[in-house]
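Peer 1: Have a look; sequence and predicted model below, questions after that.
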Amino acid sequence: MVITTPNARQKHDSIESKNNQHLPIVNPNNGIIIESMKTQGSEPKQHFTPNVYAIGESLLDIIFSDNDMVSAKPGGSMLNACISLGRLGHQVHFLTEFGNDKAGDRISAFLKENNVNSKFSVRHEGHKTTLALAWLDKSGNASYSFYQDLPEEAPEIQIPDFKANDILLFGSFYSIRQRNRINITKLLDSAVKAGATVLYDPNIRTSKFQDTIETRQLIFEHINKANIVKGSDEDFAYIYQTSDQADIFRQLQQRGALFFLTSGKRGVEVVHEEKVTHHEIPAIVPVSTIGAGDNFNAGIIHALISNQFSKPYSPESISSMANEGIKLAVEVCLRTENYIARR
């Protein structure tokens, strides 16, 4: 049985002329704002509010500190980013799957509460929602145990009607798991064909899958289809099988994407074409690092949409993406939740 959750409330930016000679007409069904021009003989201009689409697993995060349970919250790398983007007022659509149980009920309600559209999501009758037990150390870093009960075969997903200024976020173990590869490929190809911006986060935890040449080859295929790639130093060390950062930079420079390489408190390196730039991280005492990388992704997307950045990216726009990513990641590190505070 497939159950889809109701649409989240959509928000639309208004367009106002400098001389107030025309007013916007908003079509609530598709997020298109049509600006009616008074100039005789001119054609109406269409401005599309960007949609953010993300695909990934939803789960219930049960967080422990000093062997005591701190909280139980909806989680998952893509869900964390979606919630923050929903709280920032963006039009977010989450392609996910989870069980038809009480944990699933909580996830479904949580998405709706935070303006995340879940019409593309699937709930599995007779299956339980994935649980993730996260054990925090004294520095707020987490180690995980996962308890999963998804069907062996992935459901056939509905492919969104991508537009050129839309954004697709994907990655983590979900994107390289064998059962999901057909869906991921279809989704990626559709987004690339439409000219949408593709953001990929490998977010690799080698404990969750078998290390093979095929796995790394699939990751390279994902990188090749992405416009922006954000990963940790550990991600890229695994992908390129080296801890030599200079060697990693050289290999990244041979690819066409914009890369953000995060290294915890050591900062962020941005690799774009032949340049490598460093961004500092504010000195903080983290409460929890869960969701830090996910919210860095949300910060990149927030900067893209808020500033209407388009490809090719200028040095100023890239710096803005990095700074917004750091800002949201730091905020989450100072919270027990995996997402930014409600605005």
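Peer 2: Good, I have the coordinates.

Peer 1: Which pLDDT value goes with Lys45?
Peer 2: Here the pLDDT value assigned to Lys45 is 40.

Peer 1: ditto for Thr212
Peer 2: At Thr212, the model reports a pLDDT of 83.

Peer 1: so who does it touch?
Peer 2: By CB atoms under 8 Å, 6 or more residues apart in numbering, Thr212 lies in contact with nothing. The way it works is simple: take the backbone N, C-alpha and C, and place the C-beta from them, glycine included.

Peer 1: and what of His127?
Peer 2: His127 touches 99-101, 149-151, counting by CB under 8 Å, 6+ apart.

Peer 1: Among these, give me the pair with the biggest separation.
Peer 2: The span of those, defined through CB to CB, is set by Asp101 and Pro151 at 14.0 Å.

Peer 1: the helices in the stretch 151-300 of the chain, which residues?
Peer 2: 172-176, 181-194, 213-225, 233-240, 245-253, 292-306 (DSSP state H, counting those that start in this stretch).

Peer 1: Phe260: which of the ones you listed is closest?
Peer 2: The nearest among these, by CB to CB, is helix 292-306 at 7.1 Å.

Peer 1: so what does the helix or strand following that closest one touch, helix or strand wise?
Peer 2: Later in the chain than helix 292-306, the nearest helix or strand by DSSP states H and E is helix 315-333. With contacts taken as 3 or more CB pairs under 8 Å, 6 or more residues apart in numbering; DSSP states H and E, helix 315-333 sits against helix 77-87, strand 258-262, strand 268-272, strand 275-279, helix 292-306.

Peer 1: Mean neighbour count, these: which tops it?
Peer 2: Each of the helices and strands packed on helix 315-333 was scored by mean neighbour count; the highest is helix 77-87, a mean of 28, by mean count of other CB atoms under 10 Å.

Peer 1: Report the angle between the helix or strand following that helix and helix 292-306.
Peer 2: Note on helix 77-87: by DSSP H and E, the next helix or strand toward the C-terminus is strand 91-95. Strand 91-95 runs at 140 degrees relative to helix 292-306, counting by axes from the mean of the first three to the mean of the last three CA atoms, to 10 degrees.

Peer 1: Sheet partners, orientation included, of strand 91-95?
Peer 2: Sheet pairing of strand 91-95 (DSSP bridges) gives strand 51-55 (parallel), strand 116-117 (parallel).

Peer 1: right, and the helix or strand after that strand?
Peer 2: Strand 91-95 is succeeded, C-terminally, by strand 97-99 (DSSP H and E).

Peer 1: wait, which of the helices and strands packed on helix 315-333 is closest to Gln178?
Peer 2: Nearest of the helices and strands packed on helix 315-333 (CB to CB): helix 77-87, 18.7 Å.

Peer 1: and the closest one, what does it pack onto?
Peer 2: Going by 3+ CB pairs under 8 Å, 6+ apart, helix 77-87 lies up against strand 51-55, strand 91-95, helix 102-113, strand 116-117, strand 167-171, helix 172-176, helix 292-306, helix 315-333.

Peer 1: what's next to the first one, contact-wise?
Peer 2: Contact with strand 51-55 is made by 31, 78, 81-82, 85, 90-96, 120, 157, 160, 162-163, 166-170, 174-175, 183-184, 187, 191, 301, 305, as judged by CB under 8 Å, 6+ apart.

Peer 1: by how many degrees do that strand and strand 167-171 diverge?
Peer 2: Going by the same axes, to 10 degrees, strand 51-55 makes 20 degrees with strand 167-171.

Peer 1: Return strand 51-55 as PDB; C-alpha atoms alone will do.
Peer 2: Extracted as PDB, the C-alpha positions of strand 51-55 are listed here (Å, rounded to 0.1, in the frame of the first residue of the first chain):
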ATOM      1  CA  ASN A  51      11.600  24.500  -6.400                       C
ATOM      2  CA  VAL A  52      14.000  22.400  -4.300                       C
ATOM      3  CA  TYR A  53      13.800  18.700  -4.700                       C
ATOM      4  CA  ALA A  54      15.600  16.200  -2.500                       C
ATOM      5  CA  ILE A  55      15.700  12.500  -2.400                       C
END
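
Peer 1: and the angle from that strand to helix 181-194?
Peer 2: Going by the same axes, to 10 degrees, strand 51-55 makes 160 degrees with helix 181-194.

Peer 1: what does the fifth one give?
Peer 2: On the basis of the same axes, to 10 degrees, strand 167-171 is oriented at 150 degrees to helix 181-194.

Peer 1: Run through the neighbouring helices and strands of strand 167-171.
Peer 2: Helices and strands touching strand 167-171, by 3+ CB pairs under 8 Å, 6+ apart, are strand 51-55, helix 77-87, helix 181-194, strand 197-201, helix 292-306.

Peer 1: how about JSON lines for those, with distance to Ser65 added?
Peer 2: What follows is the helices and strands packed on strand 167-171, written out as JSON lines (distance: least, CB to CB, whole Å):
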{"stretch": "strand 51-55", "distance to Ser65": "28"}
{"stretch": "helix 77-87", "distance to Ser65": "18"}
{"stretch": "helix 181-194", "distance to Ser65": "34"}
{"stretch": "strand 197-201", "distance to Ser65": "25"}
{"stretch": "helix 292-306", "distance to Ser65": "16"}
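
Peer 1: distance between stretch 282-299 and the chain's centre?
Peer 2: Here stretch 282-299 is found 14 Å from its chain centre; the criterion is CA atoms, centre = their mean, to the nearest Å.
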